[in-house]
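Enquirer: next comes the sequence, and after it the predicted model I'd like to discuss.
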Amino acid sequence: MASWYVAVILGIVEGLTEFLPVSSTGHLILTSHLLGFTGPKAETFTIVIQLGAILAVLTLYLDRFIGLLRFDPQKNFSGPRGLWLLFLTSLPASLLGLAAHKYIKAYLFSPFTVACALAAGAVMILVVESVDKQEKAATLDEIAPWQALGTGLFQCLALWPGFSRSAATIMGGMLLGLRRTVAAEYSFIAAVPIMVAATGYDFLKNYELFVADDLFFLAVGFGVSFIAAWAAIKGFIYLLGRLTLRPFAVYRLTLVPLIFLFL
């Protein structure tokens, strides 16, 4: 594996970008290329450290996840109903991801495809922020099954590295009537099952690439990713109460020509 500071840099990039609408996978691919850390082992490493970001969500929304294990008549997003909503959101991308996994790893993990996805996601953000939307869910407990399934269909766009799972699910949720902050929080929570499935599947297929000496490298990336993601989620929710998502679209569009220039 590379030097430990590479794990720190990639952990920071993963944690800061995983839940922002800028694409963590895209940023990790670009950063890995800049650091010269590429190849099958590098690709699997950048996927596995996403578990650190997942742990940050579990920590910040622990009450909600505990609530999924028991029914609370005061909260619709709890017990079997809450699990059903998450299942509906996770199903489309899980099925498509399993079917297209080899194609995605073979053809979509490159700076060029990431740049195209960044641009496409930016356009989606600008369009969604510009259209009139009827708000139908002001809290997580008001999310309907059809909104959960619709969000899951939008989540399929995230299989294109660089598009951003957060951008796809937040924008999709807003189009389906979720308040901006609710769409973001549901995006964070819904990320857990799909990301656990994706990272676990990828690691099981490629664990033989790693040896015992790589555990420290993985642990560093995991730990740094957790800390950075925790801070990013707190800051993002604070900003969403005051700003639209247009600045993230501008950032993405600014990044695209830089990718073509340097990579």
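Expert: Received it, and whenever you're ready, just let me know what you need.
Enquirer: can you report phi and psi for the residue lying closest to His101 once chain neighbours are set aside?
Expert: Counting by CB to CB, 6 or more residues apart in numbering, His101 lies nearest to Tyr201, which is 7.4 Å off, once chain neighbours are set aside. Any C-beta I mention is one placed from the backbone N, CA and C, and that applies to glycine too. Dihedral pair for Tyr201: phi -60, psi -50, per degrees, to the nearest 10.
Enquirer: how about Phe109, phi and psi?
Expert: phi -90, psi 70.
Enquirer: got the contact list for it?
Expert: 29, 43, 161 (CB atoms under 8 Å, 6 or more residues apart in numbering).
Enquirer: so what touches the helix or strand hosting Gly11?
Expert: Element membership of Gly11 [criterion: DSSP states H and E] is helix 4-17. Helix 4-17 is touched from outside by 1, 23-24, 27-28, 31-32, 35, 37, 45-46, 49-50, 52-53, 56, 216-218, 220-232, with contacts defined as CB under 8 Å, 6+ apart.
Enquirer: circling back: how about the contacts of Phe109 in TSV, adding secondary structure, pLDDT and neighbour count?
Expert: Converted to TSV, those look like this (DSSP: H, G, I helix; E, B strand; the rest coil; pLDDT from 0 to 100; neighbours: other CB atoms under 10 Å):
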residue	secondary structure	pLDDT	neighbour count
Ile29	helix	81	25
Glu43	helix	83	20
Pro161	coil	86	22
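Enquirer: Ser94: which of the residues you listed is nearest?
Expert: Pro161 (16.8 Å; CB to CB).
Enquirer: check whether that closest one really touches Ile29, as I assumed.
Expert: Yes. Between Pro161 and Ile29 there is a contact under CB atoms under 8 Å: 6.2 Å.
Enquirer: contact partners of whichever strand or helix holds Leu261?
Expert: Taking DSSP H and E as the criterion, Leu261 maps to helix 246-262. Contact with helix 246-262 is made by 20-23, 30, 34, 111-112, 114-115, 118-119, 121-123, 125-126, 129, 167, as judged by CB under 8 Å, 6+ apart.
Enquirer: so how far is it off the chain centroid?
Expert: From the chain centre to the centre of helix 246-262 is a distance of 18 Å (CA atoms, centre = their mean, to the nearest Å).
Enquirer: and stretch 111-129, by the same measure?
Expert: Once both centres are worked out by CA atoms, centre = their mean, stretch 111-129 turns out to sit 15 Å from its chain's centre.
Enquirer: now do the buried residues in it.
Expert: 111, 113-122, 124-126, 128-129 (16 or more other CB atoms under 10 Å).
Enquirer: follow-up on the earlier one: what about the helix holding Gly11, distance to the chain center?
Expert: Per CA atoms, centre = their mean, the centroid offset for helix 4-17 relative to its chain is 15 Å.
Enquirer: can you tell me the element the closest residue to Glu14 other than its chain neighbours falls in?
Expert: Nearest residue to Glu14, sequence neighbours excluded (CB to CB, 6+ apart): Ser225, at 4.5 Å. Here Ser225, judged by DSSP H and E, is contained in helix 215-240.
Enquirer: equivalent analysis for Glu135, please.
Expert: Glu135 is located outside every helix and strand, with elements delineated by DSSP H and E.
Enquirer: Tyr107 and Leu35, how far apart?
Expert: 22 Å (CB to CB, to the nearest Å).
Enquirer: what of Ala53?
Expert: 19 Å.
Enquirer: so what secondary structure elements neighbour the lengthiest helix in the chain?
Expert: The longest helix of the chain (DSSP state H) is helix 79-107. Packing partners of helix 79-107 (3 or more CB pairs under 8 Å, 6 or more residues apart in numbering; DSSP states H and E): helix 145-155, helix 180-206.
Enquirer: pLDDT of the shortest one, averaged?
Expert: Helix 145-155 carries an average pLDDT of 96.
Enquirer: just the CA atoms of that helix, as PDB, please.
Expert: Extracted in PDB, the C-alpha atoms of helix 145-155 (Å, rounded to 0.1, in the frame of the first residue of the first chain):
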ATOM      1  CA  PRO A 145     -43.800   4.700   0.600                       C
ATOM      2  CA  TRP A 146     -44.100   6.100  -3.000                       C
ATOM      3  CA  GLN A 147     -41.700   8.900  -2.100                       C
ATOM      4  CA  ALA A 148     -39.200   6.400  -0.600                       C
ATOM      5  CA  LEU A 149     -39.400   4.300  -3.800                       C
ATOM      6  CA  GLY A 150     -39.100   7.300  -6.000                       C
ATOM      7  CA  THR A 151     -36.000   8.400  -4.100                       C
ATOM      8  CA  GLY A 152     -34.600   5.000  -4.600                       C
ATOM      9  CA  LEU A 153     -35.100   5.200  -8.400                       C
ATOM     10  CA  PHE A 154     -33.200   8.600  -8.300                       C
ATOM     11  CA  GLN A 155     -30.500   6.900  -6.300                       C
END
